[in-house]
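Asks: Any chance you can model this:
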Amino acid sequence: MIKLDELCAMLDGLGIPWTNEGYTDEDRPEPPYISLEADLGGTSYADNVAWASWMNYEILLYTTHRSYEIESKIASALDAAGCAFSETVTHVDGEHLVEASFYVSVQEE
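Replies: Prediction:
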């Protein structure tokens with residue numbers, strides 16, 4: 001499982017602006033851009049001892065039109081990092097944006 005600093009380094013390597021927990025209206029760049037959003041975490045226990053903790057994150061890619069090229073670039077980077085993911089794509093009503101969401105689990109330190 002990938003660690004958060006490794007995930008951030010992977011996002012840096014994409015060459016796409018990204019932020020943790022979203023942009024404000026004032027600092028939102030032109031698409032494409034990425035928002036990294038924390039979801040719920042979890043812990044696995046054995047013999048009353050925590051042996052693995054993780055946090056789920058969504059890597060949210062926003063584009064004006066669906067970009068299979070950028071989606072593939074993100075998927076390839078996640079594969080290269082050994083990070084399992086699931087992907088969904090939706091159209092953001094009223095914003096004229098397409099949101100590609102990559103759902104990943106990140107190892108907590």
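Asks: use CA for all of it now, contacts and neighbours both
Replies: Noted.
Asks: Show me what the least confident helix or strand in the chain by mean pLDDT packs onto, helices and strands only.
Replies: Sorting the helices and strands of the chain by mean pLDDT, DSSP states H and E puts strand 33-46 at the bottom, at a mean of 83. Judged by 3 or more CA pairs under 8 Å, 6 or more residues apart in numbering; DSSP states H and E, strand 33-46 is in contact with strand 18-20, strand 49-63.
Asks: Those: lowest mean pLDDT?
Replies: Lowest mean pLDDT of the helices and strands packed on strand 33-46: strand 49-63, a mean of 85.
Asks: mind listing what's buried in that strand?
Replies: If you call a residue buried by 16 or more other CA atoms under 10 Å, then strand 49-63 has these buried ones: 54-63.
Asks: and for the least confident helix or strand of the chain, what are the contacting residues?
Replies: With contacts defined as CA atoms under 8 Å, 6 or more residues apart in numbering, strand 33-46 is touched by 16-23, 50-63.
Asks: Next, the angle from that strand to strand 49-63.
Replies: 160 degrees (axes from the mean of the first three to the mean of the last three CA atoms, to 10 degrees).
Asks: What strands line up against strand 33-46, and which way round?
Replies: strand 18-20 (parallel), strand 49-63 (antiparallel) (DSSP bridges).
Asks: Can you add distance to Ala38 and give those strands back as CSV?
Replies: What follows is the strands paired with strand 33-46, written out as CSV (distance: least, CA to CA, whole Å):
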stretch, distance to Ala38
strand 18-20, 8
strand 49-63, 4
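Asks: Could you measure from the residue at the greatest distance from the centre of the chain over to Arg66?
Replies: When distances are taken from the C-alpha mean of the chain, Asp47 lies farthest, 32.5 Å away, according to CA atoms, centre = their mean. Using CA to CA, to the nearest Å, Asp47 is found at 47 Å from Arg66.
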